[in-house]
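**Q** Here's a sequence, model it:
(chains A, B, C and D)
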Number of protein chains: 2
Amino acid sequence: MSGNGSGKEIDRRVRRTREAIRKALVALIVERGYDAVTVTDVIARADVGRSTFYAHFTDKRDVLAANLEELAGFLRASSAAGPDRLFAFSLPMFEHIDEQRDLVRALLGRRGGGAVVPYIEQVLATIVREELLSRLPAGAAPSDLDLVVACVVGAFMALLARHADGEISTTPRQLDAAFHAVVAPGVQAILHQR
Amino acid sequence: MSGNGSGKEIDRRVRRTREAIRKALVALIVERGYDAVTVTDVIARADVGRSTFYAHFTDKRDVLAANLEELAGFLRASSAAGPDRLFAFSLPMFEHIDEQRDLVRALLGRRGGGAVVPYIEQVLATIVREELLSRLPAGAAPSDLDLVVACVVGAFMALLARHADGEISTTPRQLDAAFHAVVAPGVQAILHQR
DNA sequence: TTCATAACCGAACAAGCTGTTCGCTTATGA
DNA sequence: TCATAAGCGAACAGCTTGTTCGGTTATGAA
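**A** This next block holds a predicted model:
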């Protein structure tokens, strides 16, 4: 918890412990689902003392913070990579999910217990919001912009969750196509309306 | 749990007990949020014996079944009422939410703990799916219909959640307008494509 | 009104989880 | 080499859940 400055080298023991806990939690979530995993399970699997766990993390939830930061970074990078296409983050994200199936499934699907979804939603909302603003004449933000953002993010997250749950066996391309087919026309209309 | 045939008269004590528990739970969720409410809290507030609770319900979650059934019925009725407009359930639902603010807020917002959302999503998905099918030539269901349904439901639920959380102070009409503006053009295009 | 019965009570229980404490041991990196 | 930060693990109080069971009371039918 002390100064986490990026320049500081971290004690190897700390690194090992944190990693062990993180991996243990993810593995257990994949196996049983978020809600069913207890701290006791995690420390047993990670082979770490109880007090050690609480010395590093406050919570089950807290352990996932690192993973989330990583995922959020990926989202931001994806959206910056293809600025010409509307909602360019979509396809890369679906592909990313497809690769890291187990982990993302554990975090975003129903088994994830919704502990993580709100965080991703917020990151996504920021991205979508800025993308829309950048395509509007400066200072011409419609009053209901946030509602549009919520719609878009909601649609995307719904596809994500379904895919993570494996309820729909589809390719990233199909998911991306469906997302754009449903959402893009409406958004384009809103953008060009003014 | 025994035969719940609609014709059977239910013992007054049973009715009273169930109602007391239901009301207690809802009130507590509104106050503290779903996750923070324990069964012990509920029976204390409802002034009901512990064993009595478990004689009627298996769970916190189980108690909400009745409320959910009611809400689902409302959704179905709304969609049947205006069959000429695309996604006619939208406006009535937003209005309904606006009225029963506290309850729905407790169940659908962040404080609801996501215990209820999946259920509503499924009811909604069925409605949307059938509405889309009814607007297509018989037997011409596109293979990615379920993806489209997921998108639409996701967008709607996102607006619902935001409104329930009070993060956006908007009128039902505005919500409905945004929902249709974003989603309708894309869906119309998909429908007329064939 | 009577009365068999279903519903309720509530105390007690086992089992489980959480988060903290504390004295002791060990790995680390300067 | 060695001071120190990290980890250990047992023990703990406090909370939760779900079940059991003998005794009490309201209910609705006769």
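
**Q** pLDDT (mean, whole number) over the one helix or strand A:H96 maps to?
**A** Secondary structure from DSSP states H and E places A:H96 in helix A:90-99. Helix A:90-99 carries an average pLDDT of 89.

**Q** how about whichever helix or strand comes after it: buried residues?
**A** Next along the chain after helix A:90-99, taking DSSP H and E as the criterion, comes helix A:101-108. By neighbour count on 16 or more other C-beta atoms under 10 Å in any protein chain shown, the buried set for helix A:101-108 is A:103-108. The way it works is simple: take the backbone N, C-alpha and C, and place the C-beta from them, glycine included.

**Q** just to revisit the earlier point, can you give the distance from the helix holding A:H96 to the centre of its chain?
**A** Centroid separation between helix A:90-99 and its chain, computed with C-alpha atoms, centre = their mean, to the nearest Å, is 11 Å.

**Q** how big is the angle separating it from helix A:101-108?
**A** Using axes from the mean of the first three to the mean of the last three C-alpha atoms, to 10 degrees, the inter-axis angle of helix A:90-99 relative to helix A:101-108 is 110 degrees.

**Q** Can you list the buried residues in helix A:90-99?
**A** By 16+ other C-beta under 10 Å, the buried positions in helix A:90-99 come out as A:90-98.

**Q** Equivalent analysis for stretch A:76-89, please.
**A** A:78-79, A:86-89.

**Q** what packs against the least confident helix or strand in chain A by mean pLDDT?
**A** Within chain A, no helix or strand scores below helix A:101-108, which has a mean of 78 by mean pLDDT, DSSP states H and E. Applying 3 or more C-beta pairs under 8 Å, 6 or more residues apart in numbering or on different chains; DSSP states H and E, one finds that helix A:101-108 contacts helix A:12-32, helix A:65-81, helix A:90-99, helix A:145-165.

**Q** now the angle from the third one to helix A:145-165?
**A** Spelled out, it's helix A:90-99. Going by the same axes, to 10 degrees, helix A:90-99 makes 30 degrees with helix A:145-165.

**Q** and chain A, which of its residues are near chain B?
**A** Contacts of chain A with chain B, taken as C-beta under 8 Å from any C-beta of the partner chain, map to A:110, A:113-114, A:118, A:144, A:146-148, A:150-159, A:162, A:168, A:170, A:174-175, A:177-179, A:181-187, A:189-190.

**Q** check contacts around A:G109.
**A** Contacts for A:G109 (C-beta atoms under 8 Å, 6 or more residues apart in numbering or on different chains) come out as A:161, A:164-166.

**Q** Do you know the pLDDT at it?
**A** The model's pLDDT for A:G109 equals 77.

**Q** can you check A:N67 too?
**A** pLDDT, A:N67: 77.

**Q** Make sure it is actually in contact with A:L25.
**A** No - using C-beta atoms under 8 Å, A:N67 is not in contact with A:L25; the gap is 9.2 Å.

**Q** where does chain A dip in pLDDT?
**A** A:1-8, A:167-168, A:194 (pLDDT under 70).

**Q** Please list the residues of it that sit near DNA strand C.
**A** Counting by C-beta under 7 Å from any atom of the strand, chain A comes close to DNA strand C at A:9, A:11-13, A:16, A:38-41, A:50-51, A:54, A:58-60.

**Q** Return the residues in contact with the closest residue to A:A158 other than its chain neighbours.
**A** The shortest distance from A:A158 to any non-neighbouring residue, by C-beta to C-beta, 6 or more residues apart in numbering or on different chains, is to B:G154 (2.4 Å). B:G154 makes contact with A:154-159, according to C-beta under 8 Å, 6+ apart.

**Q** show me the contacts for the residue nearest to the spatial centre of chain A.
**A** Chain A has A:I120 as the residue nearest its centroid, 4.0 Å off, counting by C-alpha atoms, centre = their mean. By C-beta under 8 Å, 6+ apart, the residues touching A:I120 are A:68, A:71-72, A:75, A:108, A:157.

**Q** are any of those buried, and which?
**A** A:68, A:71-72, A:75, A:108, A:157.

**Q** quick one: stretch A:31-50 near DNA strand D?
**A** Yes - Stretch A:31-50 is in contact with DNA strand D by C-beta under 7 Å from any atom of the strand, via A:47-50.

**Q** Can you point out the buried residues in that stretch?
**A** A:34, A:37, A:39, A:41-43, A:45-46, A:48.

**Q** go on, stretch A:46-66?
**A** Quick answer for stretch A:46-66 (16+ other C-beta under 10 Å): A:46, A:48, A:52-53, A:57, A:60, A:63-64.
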